[in-house]
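**Q** A structural model of the following input is requested.
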Amino acid sequence: VPIDLFWSLRQDLPMSFFDTTLTGRVINQFSSDIYTIDEDLAANLRSYLGSLSSVISTIVVVSFVTPMFTLCLIPIIIFYLIQQAYFMITYRELKRLDSITKSPIVALLAKTINGVSTIRAFSAQRSLFRRIVKMLDKQQNCYYLVFSAQC
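**A** Numbers count the residues shown, from 1 in each chain. Model prediction:
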């Protein structure tokens, strides 16, 4: 299915899209989407449903035992919704930064694989290694923030 989706999108996009968009960004987007579908979706759904059932059952039990709690529940829900809106904006920006810093790494790796003989001919291994280490360091800083936000 992802390959069919890729080809259908490729046919609908103008050539200028491929001229202005880095190859690494396109590959990164498809690989992260497929990873999310394969790995994260089932685990996240299971975790979400488990947490939701725990919260609902706790609210029902506490409301049954202490009916006054239901009056306090409305401000708590409003506060939670405000916090959730703020978190979603921040998290979306963090994910965008992570994706932006990951795309050049994927593009560089694709170019390295295609030009390995040229890199060896000009003895550019050290330069390439320093460049990828610098890119990885920057990307890992962004990923650390995303990972911290998820905890």
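
**Q** Let's check: the centremost residue of the protein is which one?
**A** Closest to where the C-alpha atoms of the chain average out (CA atoms, centre = their mean) is K95, at 4.8 Å.

**Q** Distance of that residue relative to S53?
**A** 27 Å (CB to CB, to the nearest Å). C-beta here means a position set from N, CA and C on the backbone, and glycine is covered the same way.

**Q** got a list of what S117 touches?
**A** For S117, the contact set (CB atoms under 8 Å, 6 or more residues apart in numbering) is empty.

**Q** As a check, name the ranges of all helices in this structure.
**A** 2-12, 15-20, 23-35, 41-65, 69-114, 116-121, 125-150 (DSSP state H).

**Q** What is the distance between the fifth one and the centre of its chain?
**A** It stands for helix 69-114. 8 Å (CA atoms, centre = their mean, to the nearest Å).

**Q** other SSEs contacting that helix?
**A** helix 23-35, helix 41-65, helix 125-150 (3 or more CB pairs under 8 Å, 6 or more residues apart in numbering; DSSP states H and E).

**Q** Ok, the last one next?
**A** Using 3+ CB pairs under 8 Å, 6+ apart as the contact definition, the elements that helix 125-150 packs against are helix 69-114.

**Q** angle of the helix it packs on against helix 41-65?
**A** Put simply, helix 69-114 runs at 170 degrees to helix 41-65, going by axes from the mean of the first three to the mean of the last three CA atoms, to 10 degrees.

**Q** can you start the count at 8 instead of 1 from here on
**A** With 8 as the first residue, the last one maps to helix 76-121.

**Q** Kind regards, and thank you for your time.
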